[in-house]
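>>> based on what follows, work out the 3D shape:
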Amino acid sequence: MKLARYLYKNQISFGQVINNGIYDLSDESDNIISFLQKNHNYNLKDKKKKEIIKLEDVKILAPFSKINSLRDAYAFREHVETCRKNRGAEMIKEFDEFPVFYFSNHNSILGHLDEIECMPKHLNQLDYELEIAIIIRKEGKNIKAEKAREFIGGFTIYNDLSARNIQSSEMKLNLGPAKGKDFANIFGPFVVTRDEIYENEISNGKIDLQMKCKVNNKLYSIGNLKTMHWSFEEIIERVSYGTKIYPGDVIGSGTVGKGCLLEINGTEKRKNTEYKETWLKENDIIEMSIEKIGTLTNKIVLHKWKQ
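Okay, the predicted model is just below:
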């Protein structure tokens with residue numbers, strides 16, 4: 001099932017996306033998170049028929065206006081190994097011992113077609129990160145990987161926007177990421193329930209879904225979710241060790257291999273020291289696509305702040 005949160009006739013609601021329309025589900029739950037919590041086996045055929053609203057008549061919003069927490073993992077070996085190689089560093093052995101994650105700013109949520117307002121310093125080596133995220137649907141603690149799937153409600157595209165110059169400076173202090181990643185976490189355009197996503201499972205939590213990113217209609221990144229070294233089930237086991245997870249917690253996968261400009265630039269500069277780096281700039285249009293979910297589109301703009 002594909003779900004959307006939307007604005008229609010000045011009212012915010014959510015519903016199931018069916019072809020080019022939306023079937024309103026606001027009489028079932030208050031929002032997508034509570035719907036996933038209560039109705040993970042929802043069957044539209046059992047419900048009364050209502051008018052289908054045309055997608056072209058609504059404004060698609062971020063899938064959620066508020067979440068409990070936002071964790072981002074580091075689950076793709078290709079991304080980690082390549083970035084370290086680009087810096088002249090060996091692959092870190094601890095990557096194979098446990099899935100690591102950090103906490104990000106769960107209040108800086110944007111959605112499909114929202115403008116990404118950046119401060120001037122953000123535009124010094126501004127980068128996208130192509131990821132997928134899960135939404136937790138029920139409470140749990142000390143969850144084993146083999147039982148973790150039932151805690152996943154749905155999946156959505158996640159653009160973990162990063163100001164690399166700020167990030168690299170603060171990471172020298174062995175703390176973070178912080179200000180380099182706290183200003184824009186972008187999700188959408190839809191949430192797809194776990195049953196439909198796991199139809200593409202090929203083995204042991206590995207899911208065959210193509211992932212792409214374009215900037216100004218030029219393809220920069222292409223990868224596949226099946227290349228995750230750590231599955232979401234394994235990540236949930238790590239996250240929930242000694243602490244509770246709750247409905248509305250969101251967990252990102254980390255960046256897919258070749259899924260950001262930092263990795264692409266570094267790889268090209270190893271091949272050619274004269275290579276001119278590419279970074280996001282004002283007025284750029286980012287389009288992230290993941291099979292079965294859709295395309296998340298956003299524009300970079302300069303923040304209109306007052307000193």
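>>> ok, which stretches of the stretch 1-150 of the chain are strands?
Taking DSSP state E, counting those that start in this stretch to define them, one finds strands in the stretch 1-150 of the chain at 2-8, 11-18, 21-24, 52-54, 59-60, 69-73, 101-103, 109-110, 115-118, 126-127, 130-136, 140-141.
>>> and those strands: which comes nearest K299?
strand 115-118 (5.3 Å; C-beta to C-beta). Every C-beta, even on glycine, is put in place using the N, C-alpha and C of the backbone.
>>> the closest one pairs with which strands?
strand 294-302 (parallel) (DSSP bridges).
>>> for the record, mean pLDDT for the strand it pairs with?
Averaged over strand 294-302, pLDDT sits at 97.
>>> please apply the same query to stretch 164-172.
Mean predicted lDDT for stretch 164-172 stands at 92.
>>> what comes up buried for that stretch?
164-167 (16 or more other C-beta atoms under 10 Å).
>>> again with stretch 168-186
Quick answer for stretch 168-186 (16+ other C-beta under 10 Å): 176-186.
>>> gap between that stretch and the chain center?
Counting by C-alpha atoms, centre = their mean, to the nearest Å, stretch 168-186 is centred 17 Å from the centre of its parent chain.
>>> ok, stretch 25-42 next?
21 Å.
>>> OK, contacts around the most centrally placed residue in the chain?
Central residue of the chain (C-alpha atoms, centre = their mean): Y158, 1.7 Å from the mean position. Residues in contact with Y158 (C-beta atoms under 8 Å, 6 or more residues apart in numbering) are 72, 131-133, 185-187, 252-253.
>>> let's see 7 Å
Applying C-beta atoms under 7 Å, 6 or more residues apart in numbering to Y158 gives the contacts 131-133, 187, 252.
>>> which one of those sits closest to I116?
F187 (12.6 Å).
>>> so after the strand or helix carrying the closest one, what's the next helix or strand?
For F187, the enclosing helix or strand under DSSP states H and E is strand 185-193. Using DSSP H and E, the helix or strand that follows strand 185-193 in sequence is helix 194-197.
>>> now do the end-to-end distance for stretch 172-182.
17 Å (C-alpha to C-alpha, to the nearest Å).
>>> quick check: closest non-adjacent residue to S231.
G205 (3.0 Å; C-beta to C-beta, 6 or more residues apart in numbering).
>>> hmm, the one you found is touching W230, no?
No: look at G205 against W230 with C-beta atoms under 7 Å: they stay out of range, at 8.9 Å.
>>> K144: neighbouring residues, count only.
Counted with other C-beta atoms under 10 Å, residues neighbouring K144 total 11.
>>> before we move on, what about V301?
There are 13 residues near V301, going by other C-beta under 10 Å.
>>> what residues are up against it?
Applying C-beta under 7 Å, 6+ apart, the residues contacting V301 are 115-117, 282.
>>> where do the helices sit along the stretch 101-250 of the chain?
164-171, 194-197, 232-239 (DSSP state H, counting those that start in this stretch).
>>> tell me how far the closest residue to H303 other than its chain neighbours lies from I60.
Counting by C-beta to C-beta, 6+ apart, E117 is the residue found nearest to H303 once chain neighbours are left out, at 4.2 Å. Computed with C-beta to C-beta, to the nearest Å, the distance linking E117 and I60 is 19 Å.
>>> so between those two, which is more surrounded?
I60 (22 against 15).
>>> quickly list what the more buried one is bridged to.
Y6.
>>> which residues of the stretch 201-307 of the chain score low on pLDDT?
Applying pLDDT under 70 to the stretch 201-307 of the chain flags the ranges 306-307.
>>> repeat that with 80
Where the stretch 201-307 of the chain drops to pLDDT under 80, the residues are 304-307.
>>> all strands for it, in order.
201-203, 206-207, 210-215, 218-224, 244-245, 249-252, 285-290, 294-302.
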